[in-house]
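[1] with the sequence up front, the predicted model follows.
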Amino acid sequence: MESDTTGKKTLIVFSGDLDRAMAAFIIANGAAAMGDEVTMFFTFWGLNILRKPKKVKARKDLVQGMFGAMMPRGPAKLGLSKMNFGGVGAVMMKRVMRKKNVATLNELIASAREQGVKLVVCSMSMDVMGFQPDELIDGLEIAGVASYLWEADQANVNLFI
Amino acid sequence: MESDTTGKKTLIVFSGDLDRAMAAFIIANGAAAMGDEVTMFFTFWGLNILRKPKKVKARKDLVQGMFGAMMPRGPAKLGLSKMNFGGVGAVMMKRVMRKKNVATLNELIASAREQGVKLVVCSMSMDVMGFQPDELIDGLEIAGVASYLWEADQANVNLFI
Amino acid sequence: MESDTTGKKTLIVFSGDLDRAMAAFIIANGAAAMGDEVTMFFTFWGLNILRKPKKVKARKDLVQGMFGAMMPRGPAKLGLSKMNFGGVGAVMMKRVMRKKNVATLNELIASAREQGVKLVVCSMSMDVMGFQPDELIDGLEIAGVASYLWEADQANVNLFI
């Protein structure tokens, strides 16, 4: 492979932590800016990154309702993977980042979409957690593991975050 | 690389969390079903996924004995990486998954083996944690980092989970 | 790709946990020993692995000072990602590893550098956490996501740890 090769990138976003989500979107935006095709697959806790901030009515069973109520609704509510201290750590981190002119997670997501990064949600995770499509931000694709593997086979960098 | 390429896949399973273990085996099964050769390397906490559910007599020093007693014995005892709440979260998650007809981790492991996924255990982790081969499920290979790297060099998708 | 191919490897070290840091450096040392070019990118909590053990005077704002004071200073202070129990788990793990003649994290870092593994620190993380270059061990490169992607494009194995 030559040094000037650009290629496709895929990122599995399993984590729903603010810090890991930011790392994922920083890589995705960077790659898209360099001309790469990028696909992000959101699975398990990663779906929380894509939730709308307000409660959306949806039929759920008891456990799904509990998961839905307890898990964070979108970027503003995500915690840090370390030193979160009940959310204080996340607030502190966001304050420092703002001061350093680092884009917020919401801005990173918007930028990724403008640059054509494809956001795909794991269908099994949707089903298990009981999320309806309109509980998540618009414009997502829903697909399964076969779709991920098909894209990863065409990519030259594949990460699990 | 062409879109119809199938190739080898390797997964390092470092985590011993139920959710991450499921993600790893779902990817492994999916790839095997698509005709890929798949090798999973279990290291550190990932070894807990492969423990037999019952205590097996083995000579250990004090610390290894403590680790062995405190770490989960196999799929039924694994916790979630988030929202585990002392195991309640894992029970809830398993209940929802059963309702949604998602295969259990035990079923995913059995299916992976039937499909010829190679399960390799890190020899250093075995040694450090004081696991004897018969404390883990049968049919595993034991190997070191050189073996992993040799396989990863032949694969087109390599993930660290 | 042929089985005897050696190629470049990149590792993103996002985590600052002792166990994950060890896994990263064991892979890096193994690959370097097999003749591969290896680049490790340290970002977010991964920077703690590279901190000097003693406090270094540096201008920081209040939050950066707090983060700096609360985060571990180098390999000797890192905790485990699981079963850390306020540091007791890490001490136990290090004791077992010493008994089993596993290299310490400090030794693994030294060995990686002797073998020519390139250690790169994420410039944005430096900026956000308020680290000055002399708070970290010597001989590191500082670079951004574009540099990572450029190297990953040339590598045949890329992991996110």
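    Perfect, thanks for sending it.

[2] is any residue of the longest helix anywhere in chain A near chain B?
    Taking DSSP state H as the criterion, chain A has its longest helix at helix A:18-33. No. Legend: contact between helix A:18-33 and chain B by C-beta under 8 Å from any C-beta of the partner chain is lacking; minimum distance shown is 11.3 Å. Heads up, the C-betas are built off the backbone N, CA and C, glycines and all.

[3] from the rest of the structure, what touches that helix?
    Counting contacts by C-beta atoms under 8 Å, 6 or more residues apart in numbering or on different chains, the residues outside helix A:18-33 that touch it are A:9, A:11, A:13, A:15, A:38, A:40, A:46, A:49, A:75, A:78-82, A:90, A:93-94, A:105, A:108-109, A:111-112, A:115-117, A:157, A:159, A:161, C:12, C:14, C:43-45, C:124, C:144-146, C:148-149, C:160.

[4] next, the contact list for residue A:145, please.
    A:122, A:124, B:26, B:27, B:29, B:30.

[5] what's the next secondary structure element after the lowest-mean-pLDDT helix or strand in chain A?
    Ranked by mean pLDDT, DSSP states H and E, the weakest helix or strand in chain A is helix A:62-70, scoring a mean of 89. Where DSSP states H and E defines the elements, the next helix or strand beyond helix A:62-70 is helix A:88-99.

[6] neighbours of residue A:143, how many?
    17 (other C-beta atoms under 10 Å in any protein chain shown).

[7] might one say that it is in contact with residue A:123?
    Yes. Counting by C-beta atoms under 8 Å, residue A:143 does reach residue A:123; the two are 6.2 Å apart.

[8] circling back to that earlier point, just want the angle from the least confident helix or strand of chain A to helix B:88-99.
    Helix A:62-70 and helix B:88-99 are oriented at 130 degrees to each other (axes from the mean of the first three to the mean of the last three C-alpha atoms, to 10 degrees).

[9] and chain A, which of its residues are near chain C?
    Selection of chain A residues close to chain C by C-beta under 8 Å from any C-beta yields A:1-3, A:5-7, A:19-20, A:23, A:26-27, A:29-31, A:33-34, A:36, A:81-83, A:92-93, A:95-97, A:99-100, A:102, A:156-161.

[10] filter the residues you listed down to the buried ones, PyMOL style.
    This is the PyMOL syntax for the buried subset of these, where burial follows 16 or more other C-beta atoms under 10 Å in any protein chain shown:
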select buried, chain A and resi 7+19+20+23+26+27+29+30+31+36+81+82+83+92+93+96+97+102+156+157+158+159+160+161
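
[11] any idea how far stretch A:82-96 is from the chain center?
    Remark: stretch A:82-96 is offset 19 Å from the chain centroid, using C-alpha atoms, centre = their mean, to the nearest Å.

[12] quickly check: it near chain B or not.
    No. Contact of stretch A:82-96 with chain B is not found when judged by C-beta under 8 Å from any C-beta; the minimum separation is 11.2 Å.

[13] need the contact partners of that stretch.
    A:18-19, A:78-80, A:104, C:16, C:45, C:61, C:63-64, C:66-67, C:70-71, C:128-130.

[14] related to what we said a few turns ago, which helix or strand lies directly C-terminal to the longest helix of chain A?
    Per DSSP H and E, helix A:18-33 leads on to strand A:38-42 as the next helix or strand towards the C-terminus.

[15] paired strands for that next one, with orientation please.
    In the sheet, strand A:38-42 lines up against strand A:8-13 (parallel), strand A:118-122 (parallel) (DSSP bridges).

[16] run the angle between it and helix A:18-33 for me.
    160 degrees.

[17] what does strand A:38-42 rub up against?
    With contact meaning C-beta under 8 Å, 6+ apart, strand A:38-42 is reached by A:8-13, A:24-25, A:28, A:31-32, A:49-50, A:112, A:117-122, A:125, A:140, A:143, A:148, A:151, A:155.

[18] tell me the mean pLDDT over it?
    For strand A:38-42, the mean pLDDT works out to 98.

[19] kindly export it (C-alpha atoms) in CSV.
    The C-alpha coordinates for strand A:38-42 follow below in CSV (Å, rounded to 0.1, in the frame of the first residue of the first chain):
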residue,chain,number,x,y,z
VAL,A,38,-16.3,6.4,6.4
THR,A,39,-19.0,4.2,7.9
MET,A,40,-19.8,4.2,11.6
PHE,A,41,-21.8,1.3,13.1
PHE,A,42,-23.5,2.0,16.4
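
[20] list the buried residues for that strand?
    Neighbour-count burial for strand A:38-42 [16+ other C-beta under 10 Å]: A:38, A:39, A:40, A:41, A:42.

[21] who in chain A is up against chain B?
    Residues of chain A lying near chain B (C-beta under 8 Å from any C-beta): A:12, A:14, A:16, A:43-45, A:61, A:63-64, A:66-67, A:70-71, A:124, A:127-130, A:144-146, A:148-150, A:152-156, A:158-160.

[22] now the buried members of the residues you listed.
    By 16+ other C-beta under 10 Å, these give A:12, A:14, A:16, A:43-45, A:63-64, A:67, A:71, A:124, A:127-130, A:145, A:148-150, A:152-156, A:158-160 as buried.

[23] mind listing what residue A:74 touches?
    By C-beta under 8 Å, 6+ apart, residue A:74 lies in contact with A:48, A:49, A:50, A:51, A:52, A:53, A:137.

[24] and what of residue A:73?
    Per C-beta under 8 Å, 6+ apart, neighbours of residue A:73: A:48, A:51, A:52, A:53, A:54, A:55.

[25] could you rerun that using 10 Å?
    A:48, A:51, A:52, A:53, A:54, A:55, A:56, A:135 (C-beta atoms under 10 Å, 6 or more residues apart in numbering or on different chains).

[26] I'd like to know how far it sits from chain C.
    23 Å (C-beta to the nearest C-beta, to the nearest Å).

[27] kindly report the same for residue A:94.
    On the measure of C-beta to the nearest C-beta, residue A:94 and chain C end up 10 Å apart.

[28] residues near that residue, how many?
    19.

[29] before we move on, the earlier item: go ahead and build a ChimeraX selection from the buried members of the contacts of residue A:74.
    To isolate the buried subset of the contacts of residue A:74 in ChimeraX, counting by 16+ other C-beta under 10 Å, use the following:
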select /A:48,49,50,51,137
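
[30] can you list the contacts of residue A:74 in JSON lines and add secondary structure and pLDDT?
    Shown next, in JSON lines, are the contacts of residue A:74 (DSSP: H, G, I helix; E, B strand; the rest coil; pLDDT from 0 to 100):
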{"residue": "A:48", "secondary structure": "helix", "pLDDT": "97"}
{"residue": "A:49", "secondary structure": "helix", "pLDDT": "98"}
{"residue": "A:50", "secondary structure": "helix", "pLDDT": "98"}
{"residue": "A:51", "secondary structure": "strand", "pLDDT": "97"}
{"residue": "A:52", "secondary structure": "coil", "pLDDT": "96"}
{"residue": "A:53", "secondary structure": "coil", "pLDDT": "94"}
{"residue": "A:137", "secondary structure": "coil", "pLDDT": "97"}
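
[31] what's the closest of the contacts of residue A:74 to chain C?
    For the contacts of residue A:74, the closest approach to chain C (C-beta to the nearest C-beta) belongs to residue A:49, at 15.9 Å.
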